[in-house]
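Novice: Provided below are the primary sequence and the corresponding predicted coordinates.
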Amino acid sequence: MIGTLPGDSTEEAMRAALDRLGPHLRRLPDGETGSRRVWIVGLIRGFRDHPDLEVAKDGDMHDYKSQLHFRVRKGHQLTGDKLDLGYLAAYRDSRPVFDRLTEEAGVRPTYQVGIPGDLNLAMFATGPTRMLRTRPAFTDATLRDLRQIHAESHGEVVFQLEVPAETVSVTMAPAPLRGLAAGWMAASVVKLAKAAPAGARFGVHLCLGDLGHQALGKLRTAAPLVKLANAVAARWPAGRPLDYVHAPLAQGDQPPSLDPEFYRPLAGLRLPPSTPFVAGFLHEGRSLDEQRRILAMIEDAVGHPVDVAAACGLGRRSPEAAYTTMDQARELCENN
């Protein structure tokens with residue numbers, strides 16, 4: 001489960017995932033319900049009331065063309081201590097629900113905390129021309145919550161770094177420059193992990209975007225994802241376990257390819273033996289038989305069994321589509 005789940009509450013979202021997938025779940029997010037259902041959109045909209053920010057470009061953020069961007073007010077300074085990203089509060093609210101429901105279900109997946117990359121927060125909140133100036137504030141605020149969650153959980157969480165800006169940048173790079181772009185973007189991805197407490201566990205969710213259930217980046221082949229995944233793994237800091245790398249193999253409302261050539265570059269993945277590859281191909285637009293064919297193509301290319309997931313969170317689909325995808329995941333796990 002990558003992030004958002006269908007449900008009007010944390011309990012409803014988690015319970016549905018546990019009921020449908022129970023023993024097959026490696027990790028479980030809290031469902032990111034309410035204002036968090038649209039990833040960081042609710043957070044950015046809340047900045048209208050921030051004393052140090054003013055609107056630079058207005059928009060309702062219903063798609064990628066209607067972005068809402070802020071700038072720092074003249075004479076003000078944006079610092080991390082003035083930013084409440086809500087991660088710690090969400091963890092404190094949801095952790096007791098997780099503990100109770102997993103005990104009732106008799107399973108113990110790892111509690112998963114979604115952490116949008118700091119570059120992504122800066123870019124989507126203040127725009128590409130201001131993001132480098134405002135990034136330090138978002139970095140500091142993110143690390144503050146991350147460190148506190150790590151302390152309160154006694155390390156019993158996995159932080160999922162969510163990095164669409166870096167992923168889309170690599171997919172858009174011309175093929176001859178893709179390796180160079182992957183190196184630059186990987187350095188951005190690992191920045192938070194390097195500054196995290198020793199022992200903090202991470203997963204990396206390469207993301208193509210899913211605003212309005214539409215992808216921002218487009219793929220003709222899995223090759224850009226392989227380049228970035230390998231670059232991240234090569235730069236990963238010691239002492240912070242890399243629990244998984246997830247790659248989106250579907251694109252928003254576009255289902256995954258049925259062409260084996262699309263998946264062939266996955267043969268070049270070079271992840272540590274202890275780091276599972278999570279293939280993000282589950283999609284409401286494919287039948288169970290098609291999903292089985294796709295899984296076989298992926299595992300044939302990778303050379304070993306992989307974990308399965310959707311390309312992004314399920315909360316932006318209809319509940320029926322999301323539950324169908326969960327049920328298909330269960331069938332794949334039970335019959336492969």
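Specialist: That came in fine, so what should we check first?

Novice: can you list the weak-confidence ranges in the chain?
Specialist: Counting by pLDDT under 70, the chain contains low-confidence ranges at 336.

Novice: how about the helices of the chain, start to end?
Specialist: Under the criterion DSSP state H, the chain contains helices at 10-21, 41-46, 87-105, 118-126, 131-153, 164-172, 178-189, 191-195, 223-235, 260-263, 288-302, 319-334.

Novice: which helices and strands does the fourth one pack with?
Specialist: The reference is to helix 118-126. When contacts are defined as 3 or more C-beta pairs under 8 Å, 6 or more residues apart in numbering; DSSP states H and E, helix 118-126 packs onto helix 41-46, strand 69-72, helix 131-153, helix 164-172, helix 191-195. Glycine gets a C-beta too; all of them are placed from N, C-alpha and C.

Novice: tell me which of those lies nearest to residue 86.
Specialist: Evaluated over these, closeness to residue 86 peaks at helix 41-46, with 6.5 Å, by C-beta to C-beta.

Novice: quick one: buried residues of stretch 14-22?
Specialist: 14-18, 20-21 (16 or more other C-beta atoms under 10 Å).

Novice: CA atoms only: put that stretch into PDB for me.
Specialist: What follows is stretch 14-22, C-alpha atoms only, in PDB (Å, rounded to 0.1, in the frame of the first residue of the first chain):
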ATOM      1  CA  MET A  14      -6.600   0.500   7.700                       C
ATOM      2  CA  ARG A  15      -9.300  -2.100   8.400                       C
ATOM      3  CA  ALA A  16     -10.200  -2.500   4.800                       C
ATOM      4  CA  ALA A  17      -6.600  -3.100   3.900                       C
ATOM      5  CA  LEU A  18      -6.100  -5.600   6.700                       C
ATOM      6  CA  ASP A  19      -9.300  -7.400   5.900                       C
ATOM      7  CA  ARG A  20      -8.500  -7.800   2.300                       C
ATOM      8  CA  LEU A  21      -4.700  -8.300   2.400                       C
ATOM      9  CA  GLY A  22      -3.900  -9.200   6.000                       C
END
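
Novice: give me the residues contacting that stretch.
Specialist: 1, 5-7, 25, 28, 30-31, 94, 97-98, 101-102, 105, 107, 323, 326-327, 329-330, 333 (C-beta atoms under 8 Å, 6 or more residues apart in numbering).

Novice: ok, stretch 284-294 next?
Specialist: 249-250, 253-258, 263, 281-283, 317, 321-322, 324-325, 328, 331-332, 335-336.

Novice: counting neighbours, which of those end up buried?
Specialist: Using 16+ other C-beta under 10 Å, the buried members of these are 249-250, 253-257, 263, 281-283, 317, 321-322, 324-325, 328, 332.

Novice: about what we covered before: what's the closest of the buried residues of stretch 14-22 to residue 273?
Specialist: residue 21 (25.5 Å).

Novice: count of residues packed around the residue lying closest to residue 121 once chain neighbours are set aside?
Specialist: Leaving aside its chain neighbours, residue 121 sits nearest to residue 138 (4.2 Å; criterion: C-beta to C-beta, 6 or more residues apart in numbering). Using other C-beta atoms under 10 Å, residue 138 has 24 other residues around it.
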